[in-house]
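1. what follows is a predicted structure for the sequence shown.
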2 protein chains.
Amino acid sequence: MSTKATVEKLVSLCKRRGLVFQSSEIYGGIGGFWDYGPLGVELKNNIKQAWWRAVVQERDDVVGQDAAIVMNPTVWRASGHLDTFADPMVDCKECKKRFRADALVGEVPAGTHGHDAAEVTRCPECGGELTPPRMFNLMFKTYVGAVEDDASVAYLRPETAQGIFVNFANVLTATRKKLPLGIAQIGKAFRNEITPGNFIFRDREFEQMEIEYFVKPGTDEQWHQHWVEERYNWYLRLGMQKENVRVRQLDRDELAHYAKDTYEVEYLFPMGWSELEGIANRTDFDLRRHAEFSGRDLEYFDEETGEHIVPFVIEPSAGVDRLFMAFLIDAYDEEEVRGPSAGSGRGETRVILRLHKDLAPIKVAVLPLSRQEKLVPPAREVWALVRKHWMSQYDDAQSIGRRYRRQDEVGTPLCVTVDFDTLEDQAVTIRERDSMEQVRVPIAGLVDALRERLNTGD
Amino acid sequence: MSTKATVEKLVSLCKRRGLVFQSSEIYGGIGGFWDYGPLGVELKNNIKQAWWRAVVQERDDVVGQDAAIVMNPTVWRASGHLDTFADPMVDCKECKKRFRADALVGEVPAGTHGHDAAEVTRCPECGGELTPPRMFNLMFKTYVGAVEDDASVAYLRPETAQGIFVNFANVLTATRKKLPLGIAQIGKAFRNEITPGNFIFRDREFEQMEIEYFVKPGTDEQWHQHWVEERYNWYLRLGMQKENVRVRQLDRDELAHYAKDTYEVEYLFPMGWSELEGIANRTDFDLRRHAEFSGRDLEYFDEETGEHIVPFVIEPSAGVDRLFMAFLIDAYDEEEVRGPSAGSGRGETRVILRLHKDLAPIKVAVLPLSRQEKLVPPAREVWALVRKHWMSQYDDAQSIGRRYRRQDEVGTPLCVTVDFDTLEDQAVTIRERDSMEQVRVPIAGLVDALRERLNTGD
């Protein structure tokens, strides 16, 4: 983690520059729900596209899909979520507040001293007596159809994974693929967390990027290692600082009910090492359960051995919102600078997001040196050229130095400055975010020069 | 509409080739919910990206955002959805089935003859007596937090638009933009339709692409015309046949409660002309309501006139799923072909999706002429080259002719064939979907040759 980034600075930057807003803020918000603003939606889309490119487009063994959020409710009986996807809750008999029992572990209740975790029986807010823990299911419930009764109950999916398991046979048939075969999906999931928090780290509505990678039993452990390495390296390729990312194997008592073994890619958030992505060996648990509950044949016919098998599943599962937060924290920097390209002749601090160019919300900013009228036509022309290719901005407000700093602060890799010389030499200046180096290029070669520096695949 | 496409052919193609599956199919499905398979998710993403590129990236007056699906419930009181977003329903007293009263208009109840629409008082299924119509709200309801009571009720948004209105002031401040300013958004919306149907045309869970374009009052009518033209032309630019697309101004009695005037872009679906996109003049209705219900100042300070104004809003609102369906229907063709590039020496019918190259799920297929071992290394090498740049497929199963037809059927614009000459001349054949023309290019120049033909901006 950049020691310069704090959650407070991040939240403030995100609101001020249009990355993240509190949902329904004008109505006082709603806990655990967040909106992505103009720059935030670009960063989020770039994270999703970088993932899709790495795990679908560039691989020969993974295809994508996009299942509905609301599914037949039997899915959640089969998956075990209806029975086990619950947290132990306690209520305060005095103030009526509700708490997650496991979150109270280690908390010191008001008006007491140094209790052992297991002994917490009093409210941490008012000191009142707490009820014994009761299980509370985290799935959001709704009703589909005209009548609200037990037959019409449905749930918002708490994970995208199940939409893949129930489509496994259809995808296999349609794609004519053999094992190992991965199915990747990006989509919203919902969990009625009792204590959402840490900005967008734990939301009630969030977005997942999940792969269910189906393999022959016996090969699952080697594929598990493959995916742990792949996914860890993906974060480094996208510029995360190595000292802030680690892989941790979960202890046996941390495993979900379906998992034989799980690794986490963790990031050093301001609140400590926390999960970015879980990579679980779900075994054949899900396919067996869905075969049992649906009565369908979800086996795979292995042409080589002539056997019918139930594939094992390796699941790399990442949360887009917490990746968004981690990439921002990791990229956040403050540095002392001097000189005109820094934005000022005086020594000053510039805030800079050192985002990987593939992630930067805006790739290129076009800045006329001043608002003088004769600069407007060439500057607009340059912008028209640029925005055909990349997400870009035009900014002519205030001094060139302040505008450089505004772009640095949101991670724009390149600024193109149109000045009075442009009127003579038909050339512009490209200024690079990190080095602040400037180079003069003819407008006729600008797109190629930008492409070379942004190097965006095709 | 292509007269060759029927909904039945489309549904069958979509399932067989992995475009669209019924949600939770192994559990008998769930009405009004659909999943997008490996090719479907690519087509859907391409539609969304083409839209985003046209209305956000390439414009200087529109920015994006991505709001949460679940919002503070007061939003829906302010918007009017809690009071008015309802359909009149009737119940059959005999069989207990529920129907939309307006959908029964024109239906002939079982066991009766030629009734006038207004007189339908008997069940169309069993002939039983119907109740008088009652209003039924179409929003899905859920509960946020630990307790299910009136204070914790929340709704799944029935339109993405409101997430834009409540963020208007935040976006304006963060972007420092002036009017006219559009805010664009793509996201899921939910409506508890009583009678979903026509494949993915009317879903309960669907995806919207909406722009709220904020303008000064008095300029709204001219901007309305601008957007009607822009959006109509977008469909034509993406290859829709002109005779299948039309613009229709809604009659006064068809307008929503917030609208002063609305145009629809309609497509000639197999079931008749139906809405692809509505372009409404929502006036200042929404901002005024949110200002009233939230107590916040949602006015815009016009620096030119020194006035505080409430902007008017032009809203182009499209449904991704029905666009998906329309693009497929429009692209669907069957033709008699001959010759090896057609896939056969005999005269045969080929099914072909003449999708615009920007929309095609797979841009390039790499096909070794046969499975002979010596073709594998060069073919794999070519595929590794191609898939860095484009979504691609490798197919070596069955005859080259069948493989061409498989790619034609899903709209792949280009096939690259690796044959025995490749081993000698280091060249491959590019085969074009529509013309079936073939051209030989050296592998060293393949990426450039493909880029030239696909011309995908960057």
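-> Received the coordinates, thanks. Numbers count the residues shown, from 1 in each chain, chains lettered A, B, ... in the order given.
2. just say helix, strand or coil for the residue of the stretch 51-200 of chain A found nearest chain B.
-> Chain B sits closest to residue A:174 of the stretch 51-200 of chain A, with a gap of 3.1 Å, by C-beta to the nearest C-beta. Where you see a C-beta, it was placed from the backbone N, CA and C, and this is true even at glycine. Under DSSP: H, G, I helix; E, B strand; the rest coil, residue A:174 falls in the helix class.
3. mind listing what the spatially closest residue to it that is not a sequence neighbour touches?
-> Residue nearest to residue A:174 in three dimensions, not counting chain neighbours: residue B:18, with 3.1 Å by C-beta to C-beta, 6 or more residues apart in numbering or on different chains. Contacts for residue B:18 (C-beta atoms under 8 Å, 6 or more residues apart in numbering or on different chains) come out as A:63, A:170, A:171, A:174, A:175, B:37, B:38, B:39, B:40.
4. cutoff 7 Å now
-> Each residue near residue B:18 by C-beta atoms under 7 Å, 6 or more residues apart in numbering or on different chains is listed here: A:171, A:174, A:175, B:37, B:38, B:39, B:40.
5. got it, and residue A:427?
-> Contacts for residue A:427 (C-beta under 7 Å, 6+ apart) come out as A:440, A:441, A:442, A:443.
6. OK, now which residue of the stretch 201-350 of chain A is nearest to chain B?
-> Closest point on the stretch 201-350 of chain A to chain B, by C-beta to the nearest C-beta, is residue A:294, at 4.1 Å.
7. was I right about that residue contacting residue B:26?
-> Yes. Using C-beta atoms under 7 Å, residue A:294 is in contact with residue B:26, at 4.1 Å.
8. quick one, which of these two is more surrounded?
-> residue B:26 (24 against 20; other C-beta atoms under 10 Å in any protein chain shown).
9. what parts of the stretch 201-350 of chain A come near chain B?
-> Residues of the stretch 201-350 of chain A found near chain B (C-beta under 7 Å from any C-beta of the partner chain) are A:204, A:205, A:290, A:294, A:296.
10. burial of residue A:38, as a residue count?
-> 26.
11. now do the same for it: its pLDDT.
-> Looking at residue A:38, its pLDDT is 98.
12. any idea which helix or strand of chain A has the worst average confidence?
-> helix A:101-104 (a mean of 77; mean pLDDT, DSSP states H and E).
13. helices or strands next to that one in the packing?
-> Contacts defined by 3 or more C-beta pairs under 7 Å, 6 or more residues apart in numbering or on different chains; DSSP states H and E place helix A:101-104 against strand A:86-91.
14. out of the contacts of residue A:427, which are buried?
-> For the contacts of residue A:427, a burial check counting by 16 or more other C-beta atoms under 10 Å in any protein chain shown picks out A:441, A:443.
15. tabulate the contacts of residue A:427 (JSON lines), appending pLDDT, distance to residue B:182 and secondary structure.
-> Output for those, formatted as JSON lines (pLDDT from 0 to 100; distance: C-beta to C-beta, whole Å; DSSP: H, G, I helix; E, B strand; the rest coil):
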{"residue": "A:440", "pLDDT": "98", "distance to residue B:182": "35", "secondary structure": "strand"}
{"residue": "A:441", "pLDDT": "98", "distance to residue B:182": "32", "secondary structure": "strand"}
{"residue": "A:442", "pLDDT": "98", "distance to residue B:182": "33", "secondary structure": "strand"}
{"residue": "A:443", "pLDDT": "98", "distance to residue B:182": "28", "secondary structure": "helix"}
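16. distance to residue B:218 added to the contacts of residue A:427, as TSV?
-> Listed next are the contacts of residue A:427 as TSV, based on distance: C-beta to C-beta, whole Å:
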residue	distance to residue B:218
A:440	45
A:441	44
A:442	44
A:443	38
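17. so how many other residues sit close to residue A:179?
-> Neighbour count for residue A:179, taken as other C-beta under 10 Å: 17.
18. am I right that it sits in a helix?
-> No. Judged by three-state DSSP, residue A:179 forms no part of a helix; its state is coil.
19. grab the nearest non-local neighbour of residue A:82.
-> Closest residue in space to residue A:82, ignoring its immediate chain neighbours: residue A:76 at 4.8 Å, by C-beta to C-beta, 6+ apart.
20. that neighbour touches residue A:156, doesn't it?
-> No. With contact taken as C-beta under 7 Å, residue A:76 and residue A:156 are classed as non-touching, separated by 10.3 Å.
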